[in-house]
Every structure is written in C-alpha cells, then in structure tokens.
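K.L.:
no FASTA, just this:
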C-alpha cells in the first residue's frame, strides 16, 4: 500500500517518499465538527473519500452544508446511515460529550468500527470498556490545533506533518496473554493509520497510559504554564507588556485557547498531569532557592535546561528544512502489516522510539 | 526634530508618521560588539553616523574590520579617541564586565556621556553611583535579541519596532528634590532617545526599579520557565518529543540561549525575580491542588489566564498588521522636549502607560 525509497546521504538524513493509498477506506462518519472534526472532513473530501457527519449545532450544520459537505444535525439518522454503510465512526466531540455519543452508537450503530480524536485517552478508554467496545475501538489523537475552535476555524491541511497518536491497548493485552488479535481489529487499526496518512499526518502507535503521560508533559503542562505566565505578565501592567518581546509572546500564545477546552484537557488528564506539575514546580522551587541566597545562582537549571534543549533538537534535527525538495520526517519509520507475525511486538518497538508506522 | 501626523480612522487606529533626525548625534563609541553592540554598530553605520568601537575579542575585531567597521581591540586607545571626539559611550558588555569598563572610562574618558544596553539596570546603576557617573549616565535596554550571540550573529534591523527602555532616575530624583536637571544631562537623554529611534526602536522611559521588576515578569521568568519545561519534556523521552507540537516548541525556544547569558540576567536581577517566581509558583501550586482533588478542577487558572491573555491582547491590539502601509505602534506616544518645563513629570506620566517618547 505504499512505495518507499530510503537511503542515507552524507549527513545520514533519511529520504522517504511515500505513496498514500486513495481508495481503501470505508465511508467515514465524523461525529462532531469543530476545529478537528471539521478539518478532517475537509481533508477526506478533498481526497475524494466518502465522508459524512453530524454536529449538534444547527448553525454549523448550515455552514457546512453551504460549503458543500454532507452534514446533518440528526444523530440517530446519521448513525443509522453509518450502520447501513458499515462506516468508520470518528468521535470528535469534547471529552464531556463522549459518553452520550457512545450510548447512541451502542443503540444505533452496533457493529461499526470506532476511533476518536480526543486529547486524553484513558477517560475515553474507560468509557470504551464500560460500553464493551474494546474489540471495535482504536483510539486516536492528532497533535495539531490552533487557538481557535469550531467549524469556522476548520481548514484543509491542519494535520500535515503532525503526529497522530494511535492507541493499541486491545492488541497489546491479547498479545501479552498469548491470544490472537481478531482480524477485524487489525483491519480497523489499518484504517485508522490510513485515515491519518491521508491527512498528511504520521501515525505514532502508543499505549493509552504512555500517551496521557507524554501529552501531560508536552501539551497540557505548556497550557498550564501559559495561563499562569499570562496572569503574572498582566500583573505587571501596561509597562511590563510594553517591554514584552518574543519570549513572553511565545510562551503565552496558547493562553488564547477557549478556557473550557483547556479545562477539559487538563482536568480529564489530572492523574498524569499532577505528577508532571510536581516535577515542574520542584525545578522552579529549586531555582528560586538558588536565586534567593547570598550569592544568587541559577547554574544548575540554566545548564540542565540548555542541555535538554540541545538534546531535544538533536533528536529532531532531521526535521529542519532541507535543501532537498523531498519532505523529511524526523520520526523513524517502521512498515507494519497489521495481523502479520510479530506485528504487536513491532508496535511496542516503534512506540519506544516515538516512531511512526506505515501499514501495508 | 520630527513631523507627526495623527488621525483616528473608523477603528480608532492611530496613524503616525515620523521623520527621524539624521545628523544630530555625536560620534558613538560602542564598547563590546556582541549581538546587541554589533547590531547597533551596523544600524548606526547604515544611517551614515560616525561610529567606532572596541571588543576584547581579536577574532571579532578582525571580522568586524573585514566587514568595513572601525573597530579596535585596544580599550585605552578607543577611550582616548572617544574623549578627544566627545563621543557618546555605549557600554555593551555582559553585566560581569561592566565594572572593569567603568574603571577604564573613569581613567581615560572622564567627561563623555555614557549609556548601556545591559538587560538589568539596578546592578549597573549601583556601579554608576560607585563611580560618581550619575550626572553623565542614562541607562538603556533594547528589548530585542535572538537565541544566538556574538558579532557573527549581529545584523541590521534587530531593534526595529522593539521597545528600548531608557532610564531617568537622576532627573527623577533631582525633580523630586525641587532641583533643576543639568542641561548636559537633558542633552544626553535626548541623544540616547535619538540613538534608539535611529535603529527603528521606540524609547520607553522607565525608572531602574520598575524596569527590573517588569523584565523579571516578561523576560527573565519566561527564560526560567523555558529551561524547566525543556527538562520536563526531555524526561518524557523520544515518545514525548515525537508528540510535541507548537505549544511546547513556542515555550521552550529561549532555552536555546547560551546558559551563561541566562544566568547573568537572572542572577543579577534576583532581587526582582525571586518575588515574581514566588507569585508564579503559587499560581501553579494552586492549580495543582485543584487538579489533585476528588473532582479535578482548573477553572480558576484557566479562566483567569485567558482573561489576562485577552486583556494583554486588547492593550496591544493596534500592533496587529493593518492594511495600511503606514507602520502602526501600539504604544501611546508623548512628544517631550528634554529640559523643557514639566518634562520629568511628562516622563513619569508616559512611564505609567508603558508609552514611548519622541524627543524634540
């Protein structure tokens, strides 16, 4: 399902050229058409895929229909249609609406495969278990977004080059127990990876727990930091803001996000976020103590922070723009055939590297 | 010394057109030719001003000479020449080298006016007092920079549209005591503002103490935050970095700064930075407590943070790009004639607004 050419140049940069499959997906039914669901609908339609969707907002329904999309504000009708066409369901509502949507799926689309794009995975997987959906669910989370939300903010290309986390706990647990993964689940995994690839994103396999711990570090903590920094900057009044330059603006940008979305992310991932916040506060408190002594010193934090920055940059060095016209990804790639021998072990291996899979 | 046209459009956007004076500055002697001193030299030379300088680095001296600049690695000779031509001295060395440069100025350029571009102002002003330089010193701090340093990183246009803090404690104290400000000091203040304007920066008058408190909030705290976030992200390993997107990259960018420069800024401004760090840690700790309860909540921080973000944006709304070809500044402007009646009171007024002065 794709052709790949790989060679190492003088700087060991890997060149990869991939042909994305265009006619393999079942019809896709997107439930929730905000920034993420709406942008996904635009990408799929733009690639000629069959896609239809539901949003509870009548104004978003009208706007999407006016843009030429196949959208309804009737959930039962949409799910009935999905069941008839054996569609892949993409749950793209905020976390606090997932439970109700799952109830409706259980009632009206009892056999369709399910994925989602919610930014935390354990609370979703708890609901998956509660609904007995494990064998027909593969979790997803595209690591892309802007400060804006709603259908009006959606656009083609939002996911280009982004990581798209794809969870595989069901297969992991069966594999650990020495049981076979059902062929229907492997096919669903393939479809979710193909859906991500179609948008230009890179499918990164990850367990629910490791996903939530990682995004607590690199997404939810930066949101908490931005909110608190905006407040401290605001307390400095107009003079402080007049003197603010790039470092302040860069670190506060995501405080522009709708606070209800920030709450939804951080509160539903509190189990993973609290220990990360403790780690962060401990680093700041230690720096504070070093600065408040007779001879103020921030040596430890400044040097360790810069070392971490350099290490992170080295890991993603290949991601920098190259003179080559070939697009380069910094993520190591593994070609996996879902259902093939040892494929779950392959996923574990690539997860440990933060790499991406190409399914075939 | 400038013409100004101001009107209010339909959206109350202020349009200002300024003619910058080109032949008013004395010769300028820059001591230290890193990113800031080097970029200032390029801007001044580019505008046809007389500028020469000193760097202790022989390789930087050769590189600057090769670029056609009038540069020496002999400090005594440079200061002797400055004294002969009654040059304006710009001290552009790191904080820990200021004391030595001030000693040399006292010995070899005993009457030249002095300004500086160091990122903290109280430690510099303590040295100014210790050397008895108050009547010939006006502090400066251009709020611009990159993650890179040294003559090789310097370039024209670095200060364009940036705030250039200009301190005026000497005048403030005399004015408060009912004493007149010497005409020579007013002229020096005029020259420093004109120097900033020539680079395209906007001169923002500020007291030493308020400067250091404001930059602790909007510059030094973001550096501390970036260092600690880089460490926490690094602890997440390659998986976390693979999932990192814009919010992480934006908030860690300045961790790329040379750690010795970060230490110099934060350690020499520890008196102002420690209380700001305490304020910041208290906000995070409170959010942490809200998230660790039975029903995790981050309502208070998310809503207050977003309100602050919106308020900051509203204050600098006019700064956004406009369809008008006329450059727009978000900072309120006051035209001031240094030495004129009530001019120190005018500076206090514009300082409270974080505004900028145009001297005439």
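P.N.:
Yep, it's here. Worth saying up front: this structure is predicted, and the values here are computed from it rather than measured.
K.L.:
which residues touch residue A:53?
P.N.:
A:29-33, A:37, A:41, A:64, A:69-72, A:78 (C-beta atoms under 8 Å, 6 or more residues apart in numbering or on different chains). Just so you know, the C-beta spots here come from the backbone N, C-alpha and C atoms, and that holds for glycine as well.
K.L.:
ok, residue A:343 touching residue A:337?
P.N.:
Yes: counting by C-beta atoms under 8 Å, residue A:343 does reach residue A:337; the two are 6.2 Å apart.
K.L.:
looking at the two, which one has more neighbours?
P.N.:
Applying other C-beta atoms under 10 Å in any protein chain shown to residue A:343 and residue A:337 shows that residue A:343 carries more neighbours, namely 20 against 14.
K.L.:
and that one, what pLDDT?
P.N.:
Note on residue A:343: pLDDT of 95.
K.L.:
can you check residue A:147 too?
P.N.:
On pLDDT, residue A:147 comes in at 66.
K.L.:
against residue A:213, how distant is residue A:274?
P.N.:
In this view, residue A:274 and residue A:213 are 11 Å apart by C-beta to C-beta, to the nearest Å.
K.L.:
hang on, I meant residue A:310
P.N.:
From residue A:310 over to residue A:213 the distance is 23 Å, taken as C-beta to C-beta.
K.L.:
repeat for residue A:252
P.N.:
As judged by C-beta to C-beta, residue A:252 and residue A:213 stand 25 Å apart.
K.L.:
those two: who's more crowded?
P.N.:
Each of residue A:252 and residue A:213 has its neighbours counted (other C-beta under 10 Å); residue A:252 has more, 29 against 21.
K.L.:
surely that one meets residue A:233?
P.N.:
Yes: proximity of residue A:252 to residue A:233 meets the contact threshold set by C-beta under 8 Å, at 6.7 Å.
K.L.:
overlap in contacts, those two.
P.N.:
By C-beta under 8 Å, 6+ apart, the residues touching both residue A:252 and residue A:233 are residue B:312.
K.L.:
can you pull out the strands in the stretch 251-360 of chain A?
P.N.:
A:333-336, A:356-359 (DSSP state E, counting those that start in this stretch).
K.L.:
so what's the residue of the stretch 1-150 of chain A found nearest chain B up against?
P.N.:
Nearest to chain B, among the residues of the stretch 1-150 of chain A, is residue A:143, at 4.5 Å (C-beta to the nearest C-beta). With contact set as C-beta under 8 Å, 6+ apart, residue A:143 has these partners: A:162-165, A:215, A:219, B:243-245.
K.L.:
keep only those of the residues you listed that are in helices.
P.N.:
Within these, residues falling in helices by DSSP state H are A:215, B:243.
K.L.:
switch the contacts of residue A:143 over to a markdown table; also include distance to residue B:237, neighbour count and pLDDT.
P.N.:
Listed next are the contacts of residue A:143 as a markdown table, based on distance: C-beta to C-beta, whole Å; neighbours: other C-beta atoms under 10 Å in any protein chain shown; pLDDT from 0 to 100:
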| residue | distance to residue B:237 | neighbour count | pLDDT |
| --- | --- | --- | --- |
| A:162 | 19 | 20 | 93 |
| A:163 | 14 | 27 | 94 |
| A:164 | 19 | 24 | 97 |
| A:165 | 15 | 30 | 97 |
| A:215 | 13 | 29 | 96 |
| A:219 | 15 | 26 | 95 |
| B:243 | 11 | 25 | 93 |
| B:244 | 11 | 24 | 91 |
| B:245 | 17 | 17 | 86 |
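K.L.:
how does chain A divide into domains?
P.N.:
Listed by the TED database, the domain ranges of chain A are A:28-206+A:329-359, A:213-297.
K.L.:
which among those domains is found nearest to residue B:151?
P.N.:
Closest approach to residue B:151 among the domains of chain A (C-beta to C-beta): domain A:213-297, 21.3 Å.
K.L.:
ok now that closest one, how far from the chain's centre?
P.N.:
What separates the centre of domain A:213-297 from the centre of its chain is 21 Å, taken as C-alpha atoms, centre = their mean, to the nearest Å.
K.L.:
now do stretch A:202-210
P.N.:
9 Å.
K.L.:
flag every buried residue along that stretch.
P.N.:
A:202-208, A:210 (16 or more other C-beta atoms under 10 Å in any protein chain shown).
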